[in-house]
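J.: Sequence and predicted model, in that order:
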Amino acid sequence: MKRFLVGGAVRDQLLGCPVGDRDWLVTGVSPQQLLELGYQQVGRDFPVFLHPQTKEECALPRCPTDGLTERQQVEADLSLRDLTINAMAIGPDDELIDPLNGQADLNQRLLRHTPAFADDPIRVLRLARLGARYATLGFHPADETVALVKTLADAGKLETLVAERVWSEIDRALQESRPAVFFQTLRQCGALSSILPELDRLFGVPQPEKHHPEIDTGIHSLMVLEQACRLSHEPEVRFAALVHDLGKGVTPAAEWPHHRGHEERGVRLVLALCKRLRVPNKFSSLARQVTQYHTHCHKAAELKPGTVLKVLMALDCQRKPQRLEQFLTACKADTRGRAGYGEKSYPQAEIFREALQAVTAVDCGALARQTDDPSKLPALIAQQQTRAIAQRLSSL
């Protein structure tokens, strides 16, 4: 048996980047022999075996091996991968096997497709995700790869992707160093309208220049995402920041550049998007809340104490105190995600923090003991909490 290091580990090693998981291609052995050696088989359509000690993934060549030399088997398997920079292997003797000139593309910072790229359309999202990961190193899709993806998108190949696979790639992209590049790349390749039509629809929709010097709502949304990445590593916050203005994409053109009521329209779109892609609740709930209440947060100093309480209750802040910080971070990113506003302060956040402290200080147990009619307790608690907020905010 011989083992060849393949995929991302080779790519990152040649780039001088930290190497994460190591995947191996093994030759000269059968599946039964691997099992007898203590390897654990995982996966059904394409069996992968976990090393008995390291638990690293090992796979057999994915093509018929009859009549092929060992090197030919490796090269044939590499040709089935997604991008040329992922289609390299390092053998036991440290020889680089590079049948598709991936090292040259690595040096030129090109993301180029392999002959098998179109076999699985999810690779379009992986292309964009690697663009997000390595954007700081200057990587970008090759022109012919952009053309290929446009062909796939125009042919409807992206419409058949399984929702869970799409969301998995989006989730991982949100955790990369430059998530905005993921969505920019999809749009550049004509794929964003198939994957996230609600986001794609925002580009070209104007906003008032007085408040949004960048004008374009799509550009603003990606700028907000970039600000969210500066403020938080949490993918939930980044997702909420990205989708908070989806409602502006369906504002009647006759009302442009204003977008009255975009919050409620946006909530419906966010919920539909999350249902379609089967987005986990921890993402969808925050995204819905930020979409619905971000303008409330921006106007914190003008809100009545009862309205501040309404927002805090909607966020369920007393049970989930971390939710308020997530919400405030996304709102702060929204304010900063405008041309020339990248370092703007956000005093509204402190108003809501102070209000939450005032609400938390209300002794609900004592109020319960003071009333003989339990049905009146919720109104009594709300009254006291509103009063506490008013007193606290008046001292700011």
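T.: Happy to help now that I have it.

J.: Any idea how many residues pack against the residue lying closest to residue 128 once chain neighbours are set aside?
T.: Leaving aside its chain neighbours, residue 128 sits nearest to residue 185 (4.0 Å; criterion: CB to CB, 6 or more residues apart in numbering). Every C-beta, even on glycine, is put in place using the N, C-alpha and C of the backbone. Other residues near residue 185 come to 26 when the count uses other CB atoms under 10 Å.

J.: just residue 35 next, same as before
T.: Residue 35 is flanked by 12 other residues according to other CB under 10 Å.

J.: Contact partners for it?
T.: 41, 49 (CB atoms under 8 Å, 6 or more residues apart in numbering).

J.: coming back round to it: isn't the residue nearest to residue 128 up against residue 131?
T.: Yes: contact criterion CB atoms under 8 Å: residue 185 and residue 131 qualify, at 4.4 Å.

J.: Give me the distance from stretch 6-14 to the chain's centre.
T.: Computed by CA atoms, centre = their mean, to the nearest Å, the chain-centroid distance of stretch 6-14 equals 23 Å.

J.: pLDDT score for the residue nearest in space to the middle of the chain?
T.: What sits nearest the mean C-alpha location of the chain, by CA atoms, centre = their mean, is residue 174, with 2.8 Å. At residue 174, the model reports a pLDDT of 98.

J.: which residue sits closest to it, ignoring its sequence neighbours?
T.: residue 235 (4.0 Å).

J.: Report the contact partners of the residue nearest to residue 128.
T.: Neighbouring residues of residue 185 by CB under 8 Å, 6+ apart: 127, 128, 131, 132, 141.

J.: Residues in contact with both of residue 185 and residue 131, list them for me.
T.: residue 141.

J.: For residue 47, grab the count of nearby residues.
T.: Going by other CB under 10 Å, the residues that sit close to residue 47 add up to 12.

J.: Show the contacting residues for it.
T.: So residue 47 contacts 31, 41, 59, 60 (CB under 8 Å, 6+ apart).

J.: which of the residues you listed tops the neighbour count?
T.: Going by other CB under 10 Å, residue 60 tops those with 20 neighbours.

J.: Quick check: beta-bridge partners of the closest residue to it other than its chain neighbours?
T.: Leaving aside its sequence neighbours, residue 60 sits nearest to residue 26 (CB to CB, 6+ apart; 6.1 Å). As for beta bridges, residue 26 partners with residue 3 under DSSP bridges.

J.: Residue 26 reaches residue 57, doesn't it?
T.: No: contact criterion CB under 8 Å: residue 26 and residue 57 do not qualify, at 10.3 Å.

J.: shared neighbours of the two, which are they?
T.: Counting by CB under 8 Å, 6+ apart, the residues touching both residue 26 and residue 57 are residue 49.

J.: so what's residue 338 scoring on pLDDT?
T.: We have a pLDDT of 96 for residue 338.

J.: Just give me the neighbour total for it.
T.: If you count neighbours by other CB under 10 Å, residue 338 ends up with 20.

J.: that's a strand at it, yeah?
T.: No: per DSSP: H, G, I helix; E, B strand; the rest coil, residue 338 lies outside any strand segment and is coil.

J.: sec struct for the closest residue to it other than its chain neighbours, please.
T.: Closest residue in space to residue 338, ignoring its immediate chain neighbours: residue 212 at 5.5 Å, by CB to CB, 6+ apart. When classified by three-state DSSP, residue 212 comes out as coil.
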